[in-house]
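Undergrad: I need the structure of the sequence given here:
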Amino acid sequence: MRKLFRGAAALVTSVVAVVALSASVEAKPVDAWAGCPDGAVCIYPQNQNPAVKPSHVFSRYGAHNLTHQFGNHWVLNNQYGGATANLCTGSNGAGCGRPIASKTGVYADLTPVNSIRLNP
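TA: Predicted coordinates:
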């Protein structure tokens, strides 16, 4: 009888271990690019090259006003599904330049930039 219980306990332990390992394999990792979360647009500190840790992270569509951003900065668009972003010389998303395609980045002088716009 003891052999039967030991065998059953060993079987249950192995099944639990297999299920636990299977669950961890299926977990999707966070898709961060240079510290920029998946679905976000990030601005990095002035002259940080290569881009390592963003100073600004934007994840909502629409215009976002910027302050005290001068000189060269990396701007990475880590959005998906073709969503774009624009750097704009006016506040509230006015006077925008060429779109930055999803999963791409630009190294830009932000001195004349007053806002960034995220587009679906």
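Undergrad: roughly how far apart are the residue positioned nearest the centre of the chain and Pro54?
TA: Nearest to the geometric centre of the chain sits Pro37, at 1.7 Å (C-alpha atoms, centre = their mean). For Pro37, the distance to Pro54 equals 9 Å [C-beta to C-beta, to the nearest Å]. From N, CA and C alone the C-beta is placed, and that goes for glycine too.
Undergrad: how about Asn78?
TA: 10 Å.
Undergrad: and for those two, which residues touch both?
TA: Common neighbours of Asn78 and Pro54 are listed as 36, 42 (criterion: C-beta atoms under 8 Å, 6 or more residues apart in numbering).
Undergrad: after the helix or strand of the chain with the lowest mean pLDDT, which helix or strand is next?
TA: Ranked by mean pLDDT, DSSP states H and E, the weakest helix or strand in the chain is helix 2-26, scoring a mean of 43. Using DSSP states H and E, the helix or strand that follows helix 2-26 in sequence is strand 41-43.
Undergrad: for the helix or strand just after that next one, give the mean pLDDT please.
TA: Moving toward the C-terminus from strand 41-43, the next helix or strand (DSSP H and E) is strand 56-58. For strand 56-58, the mean pLDDT works out to 98.
Undergrad: touching strand 56-58 from outside, list them.
TA: 36-37, 40-43, 64, 66, 116, 118.
Undergrad: for these, which one is nearest Asn72?
TA: Checking these against Asn72 by C-beta to C-beta gives Ile43 as the nearest, at 11.2 Å.
Undergrad: for the closest one, what are its contacts?
TA: Contacts of Ile43 by C-beta under 8 Å, 6+ apart are 54-56, 58, 66, 69, 73-75, 110, 116.
Undergrad: how far does stretch 67-78 stretch from start to finish?
TA: Terminal residues of stretch 67-78 are spaced 22 Å apart (C-alpha to C-alpha, to the nearest Å).
Undergrad: alright, I will stop here.
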